[in-house]
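Peer 1: Build me a model from this:
(chains A, B and C)
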Amino acid sequence: MAEKKVSVWSDNRFWQRSATWVTGFASLLLIWLTFDTMGQITMGNQKDINNHITKRVPSATVINYKVEYKMNQRRGHEVPVIGGDDGKGDSLFKVKENFFGRDNYSQKEADALLHLGKLASQAKNCMDCHTLLGNGAYYAPDLTKAWLDPAWQKGGTMQAMTGKSTKEEAMAEFLQNPGKYPTHARMMPNLGITQKEAVGLVAFLKHMATIDTNGFPRGFGKIKEGVVYARSK
Amino acid sequence: MFEAFTDVNHSFFGLLNQGPLTLTIFLHTVIVLPMFWIYFQEKKRLQNKR
Amino acid sequence: MQGQSNFKYEGQKLASWYFTVAMILFGAQLLLGLVAAIQFIYPSFLYGILDFSIARMIHINALVVWMVYAMIGAVYYLLPDETGIEVVGIGIAKLLFWILTLAVTVVVLVFIFIQVGAADIKTIWFITEGREYLEAPRWADIGIVVVVLGFLANTFLTAIKGRRTGIMTVILSDMIALAGLYLAGMFFTDNISMDQYWWWWVIHLWVEATWEVMVGALAAYALIRVVGANRKVVEMWLWIEVAMLFGSGILGLGHHYFWIGTPEYWWEIGALFSALEPLPLVGMFVHVLYDWGKENGFKEKAGEDTSSNNTPALLWLVSNGFGNFLGAGVWGFFHTLPQVNIYTHGTQFTAAHGHLAFFGAYATILIAMFYMAVQGKYGIKKLRATFASKMAIFLITFGVVGMGVALTIAGYEQVLIARAQLGATWDAFFIAQNQTWMAQAMDWRLIMGVVTTVGFFYLVKDLLSISKNPKNVY
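Peer 2: Model prediction:
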């Protein structure tokens, strides 16, 4: 039987079926991927830390630990290091660090602080000036690793300006009275952030710095004093 | 033979990631391949018409 | 768009209401955009009164809401034409319009006068949700869902009762997805990675999937109406576009999952799928020009008048084809690969892409729909572009492209200095912001914003007066 010449490529039904298939199957794949990702980005708890299990989004109790951001040879980029590093660039979960004078926040206390901070970050519209995990507005600095910013460490300009002796206190002080500590003509407005909310926000920032962002931002704070050979305003 | 797993957690999709673009080419292929079947089915239908 | 109405259907009259509010919100978007642009240059401007965060929030929310209004309007406009019958439940549809408009007004007033709240779930419910683009408080979310369900019921009941075209099939299925996705943005979580994961389901799957398909369907309808394109051919293109847009766009979502705490496998998935996103946009551009030329050829051969029956709409349609490809396609591809995105993520690059894409892909085609509604309202056979029509399209396009270029340059500077050279810290950010090249780019952005706004006034004037000039109507 001779083949009848037909044009499938200009046939609406072929394209309608293809569109339906492609859309449906891509959606199914996305749902599958979503389940897989959900499992990986669920927040950890203190038990994970005790068992030395690295979570992409670790327990809120990381506020009790020293946090760094270091190059990891195996991963090929920088990763958050919690409680000191084990020599291979992975977290040791040992070295503690005071957070507002304590390093023994219980799971419940830490969760409550993080909850308050996350709520504050939304209630004050942080994302409409800053970026969080790189998303938001571009009027003010990215806050993904703000906790690790050299400016807030001992001897850093921001900590010195607030006259506080720890970075968490300096950050909380700044958040409550941003107009008092201008770092640029572009000042942060006073958003009515209370002492409690400020502590929550700092906990939120410290926790965000421990999220494994696949090496974003790259080379964070590696250059402490930037020299740019250009005329500035 | 297989690339060492480097991501934080093991996963099926991470496993398909065996070097440049293997995972995404695999996904593209499974999306596009069945279109051949749709093509030949529609061709048959058009040929049998009239 | 006032005066004697010649609409054949009540549904189309309702569409013109939606279009009117859309234009008002478009104006609000430009106004607040100017405020934010001024603040980049003079940070003390309205400091403590209408801070950048508030100006910028209203700028982007007005954008989204005017486009949603215009899309709902566009669907009500083409619904009777496509199905051949009046919109079912038009009374309820009109009531929903007023409810939605009232809700939007209250939300905007709260944004302007209350601005921020205490760190309390009550703030999320009644003042702001504080998630970029989805700032509308929870009560308004629920209101929006109710109104959209009503809108879906209207369209479905009408489509079932009337003629069923390919365009309607695409629009109906697209709208279910569009409405359903909004639900993914309506919850609170302490986990910022989880938060952003689902936030992108709404944002990306709206603007890079369902909205694009909506544009494809509107363009198909407009081509049939404006240049008299063949329905079978147009609908075949539409299905190809749906396959390609959803095929690349759904998993293209992965390009937002590179750095928010999600697994590394998203690098690959996001990279290639989203790199293919421009392809259907090229297709759409070719499609518009091809159909236009083909129909003109037919008319020429038959010795007929080759001018289109709505020149301003056609002009905006062509600029949609090109703008969609350039703004969404090319500018999106610029920074979609993780190798590039690790430095460009969260810089003015994104803002450049945002301005060009929202304008090129959506504003253009929706403005074309406004002109079609003017034509329909006054029962005009042929609508010709006036001086104001030409000034509007020239100034708005020139202004937005100018802003896009200025922001691209700013982004490039920021990527190299703040990110690559200085490592993304607080100081790095401000050192980059202080550079002359950044400052100059911001000056040009403001100038181009003013140009766009002047074009907007021409557009308003034209939409209100084009029908009254007998020279342009015959």
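Peer 1: Next to chain C, which bits of chain B? Give me the list.
Peer 2: With CB under 8 Å from any CB of the partner chain as the criterion, chain B meets chain C at residues B:6-9, B:11, B:13-14, B:16-17, B:21-25, B:27-28, B:31. Placement of C-beta: from N, CA and C, glycine included.
Peer 1: Which of those fall in helices?
Peer 2: B:F13, B:G14, B:L16, B:T22, B:L23, B:T24, B:I25, B:L27, B:H28, B:I31 (DSSP state H).
Peer 1: Show the contacting residues for the nearest residue to A:V62 once chain neighbours are set aside.
Peer 2: Setting aside the residues directly before and after it, A:V62 is nearest to A:T210 in space (CB to CB, 6 or more residues apart in numbering or on different chains), at 4.7 Å. For A:T210, the contact set (CB atoms under 8 Å, 6 or more residues apart in numbering or on different chains) comprises A:P58, A:V62, A:V67, A:P80, A:I82.
Peer 1: from these, which is closest to A:W9?
Peer 2: Each of the contacts of A:T210 was checked against A:W9 using CB to CB; the closest is A:P80, at 51.7 Å.
Peer 1: And the closest one, its phi and psi?
Peer 2: Dihedral angles of A:P80 (phi, psi; degrees, to the nearest 10) stand at phi -70, psi 140.
Peer 1: Do I have it right that it meets A:A209?
Peer 2: Yes - counting by CB atoms under 8 Å, A:P80 does reach A:A209; the two are 6.4 Å apart.
Peer 1: quick one: common contacting residues for these two?
Peer 2: By CB under 8 Å, 6+ apart, the residues touching both A:P80 and A:A209 are A:V67, A:Y69.
Peer 1: Would you mind listing what in chain A touches chain B?
Peer 2: Chain A comes close to chain B at residues A:3-4, A:6-8, A:11, A:13-14, A:17-18, A:21-22, A:25-26, A:29, A:33, A:36, A:39-40, A:54-56, A:74-76, A:212, as judged by CB under 8 Å from any CB.
Peer 1: Now C:I41: closest residue in space, sequence neighbours ignored.
Peer 2: Among residues not flanking C:I41 along the chain, C:M442 sits closest, at 5.5 Å (CB to CB, 6+ apart).
Peer 1: thinking again about what came up before, which two from the contacts of A:T210 end up farthest apart in space?
Peer 2: Maximum pairwise distance among these (CB to CB): 9.6 Å, between A:P58 and A:V67.
Peer 1: any idea how far chain B is from the residue nearest to A:N50 when sequence neighbours are not counted?
Peer 2: Closest residue to A:N50 apart from its sequence neighbours, by CB to CB, 6+ apart: A:F93 at 7.6 Å. Distance, A:F93 to chain B, using CB to the nearest CB, to the nearest Å: 15 Å.
Peer 1: Confirm A:F93 sits in a helix?
Peer 2: No - judged by DSSP: H, G, I helix; E, B strand; the rest coil, A:F93 forms no part of a helix; its state is coil.
Peer 1: Chain B contacts on chain C?
Peer 2: Near chain B, when you scan chain C using CB under 8 Å from any CB, you find C:G247, C:L251, C:P263, C:E264, C:Y265, C:E268, C:I269, C:A271, C:L272, C:F273.
Peer 1: a markdown table for the residues you listed, including secondary structure, pLDDT and neighbour count?
Peer 2: Listed next are the residues of chain C next to chain B as a markdown table, based on DSSP: H, G, I helix; E, B strand; the rest coil; pLDDT from 0 to 100; neighbours: other CB atoms under 10 Å in any protein chain shown:
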| residue | secondary structure | pLDDT | neighbour count |
| --- | --- | --- | --- |
| C:G247 | helix | 95 | 26 |
| C:L251 | helix | 96 | 27 |
| C:P263 | coil | 95 | 24 |
| C:E264 | coil | 93 | 23 |
| C:Y265 | helix | 94 | 24 |
| C:E268 | helix | 92 | 22 |
| C:I269 | helix | 94 | 25 |
| C:A271 | helix | 92 | 22 |
| C:L272 | helix | 92 | 22 |
| C:F273 | helix | 94 | 25 |
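Peer 1: returning to that earlier point: buried subset of the ones in helices among the residues of chain B next to chain C?
Peer 2: For these, a burial check counting by 16 or more other CB atoms under 10 Å in any protein chain shown picks out B:F13, B:G14, B:L23, B:T24, B:L27, B:H28, B:I31.
Peer 1: State the pLDDT value of the third one.
Peer 2: By that I understand B:L23. Residue-level confidence at B:L23 comes out at 92, pLDDT.
Peer 1: got the contact list for it?
Peer 2: B:F13, B:L16, B:N17, C:Y265, C:E268, C:I269 are the contacts of B:L23 under CB under 8 Å, 6+ apart.
Peer 1: show me what contacts A:V67?
Peer 2: When contacts are counted by CB under 8 Å, 6+ apart, A:V67 touches A:P80, A:V81, A:I82, A:E97, A:W147, A:L148, A:K206, A:A209, A:T210.
Peer 1: Repeat the analysis, applying 7 Å as the threshold.
Peer 2: When contacts are counted by CB atoms under 7 Å, 6 or more residues apart in numbering or on different chains, A:V67 is found next to A:P80, A:I82, A:W147, A:L148, A:K206, A:A209, A:T210.
Peer 1: what does C:I85 give?
Peer 2: C:T158, C:K161, C:G162.
Peer 1: what about it, is that helix, strand or coil?
Peer 2: C:I85 ends up coil, using three-state DSSP.
Peer 1: and the gap between C:T386 and A:M38?
Peer 2: To A:M38, C:T386 is 55 Å away according to CB to CB, to the nearest Å.
Peer 1: Find the helix or strand that the residue lying closest to C:T397 once chain neighbours are set aside is a member of.
Peer 2: Among residues not flanking C:T397 along the chain, C:S319 sits closest, at 6.0 Å (CB to CB, 6+ apart). Assigning secondary structure by DSSP states H and E places C:S319 in helix C:311-323.
Peer 1: next SSE after that helix?
Peer 2: Scanning onward from helix C:311-323 (DSSP H and E), the first element met is helix C:331-334.
Peer 1: next helix or strand past that next one?
Peer 2: According to DSSP H and E, the helix or strand after helix C:331-334 is helix C:338-344.
Peer 1: Pull the residues that contact that next one.
Peer 2: Residues contacting helix C:338-344 (CB under 7 Å, 6+ apart): A:G215, A:F216, A:R218, C:F258, C:W267, C:G270, C:A271, C:H335, C:G411, C:V415, C:R419, C:A420.
Peer 1: Please apply the same query to stretch B:28-37.
Peer 2: Residues from elsewhere that reach stretch B:28-37 (CB under 7 Å, 6+ apart): A:S18, A:W21, A:V22, A:F25, A:A26, C:G247, C:L272.
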